[in-house]
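Undergrad: Give me a 3D structure for the following:
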Amino acid sequence: MFVSELRKALEPERGEGDPPQVIRSVQPGYRIEIGHGQLDLVRFERLTEDASRMLGEGDPASASAKLAEALELWRGPALDDFTYE
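TA: As a prediction, this is how the structure comes out:
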């Protein structure tokens, strides 16, 4: 039940009967397959690198906009769910 709900959230365009593209069933469980650019960390690194380059080129306004865009990817403290683990 939880996997089907997660599939719906991660693959809203997937039609009834279409094979899953993100969460695949493998023995003994499941595997999440995403493209390189889909991971927030990769997008964050790319945006901060762009900002650094723009700042080096003397364009602080564009660099600031890129950094703001990078920060929008974060939603709370890192690993917040594992605070007490």
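
Undergrad: For the rest of this, base every contact and every neighbour count on C-alpha atoms.
TA: Noted.

Undergrad: Flag every buried residue along stretch 53-68.
TA: Neighbour-count burial for stretch 53-68, counted by 16 or more other Cα atoms under 10 Å, picks out 54, 63-64, 66-67.

Undergrad: Can you list the neighbours in contact with that stretch?
TA: With Cα atoms under 8 Å, 6 or more residues apart in numbering as the test, stretch 53-68 has contacts from 47-48, 50-52.

Undergrad: quick one: which of those residues is most hemmed in?
TA: Neighbour tally across the contacts of stretch 53-68 (other Cα atoms under 10 Å): the maximum, 24 neighbours, falls on Ala51.

Undergrad: what about that one, which helix or strand?
TA: helix 40-56 (DSSP states H and E).

Undergrad: For Arg43, which non-adjacent residue is closest in space?
TA: Closest residue in space to Arg43, ignoring its immediate chain neighbours: Gly37 at 6.4 Å, by Cα to Cα, 6 or more residues apart in numbering.

Undergrad: quick one: that neighbour from Ser4, how far?
TA: Distance of Gly37 to Ser4, computed by Cα to Cα, to the nearest Å: 24 Å.

Undergrad: now the strands: where do they sit in the protein?
TA: Along the chain, the segments classed as strands by DSSP state E run 23-26, 29-32.

Undergrad: Out of the ones you listed, which one sits most buried?
TA: Most buried of the strands of the chain by mean neighbour count (mean count of other Cα atoms under 10 Å) is strand 23-26; its value is a mean of 13.
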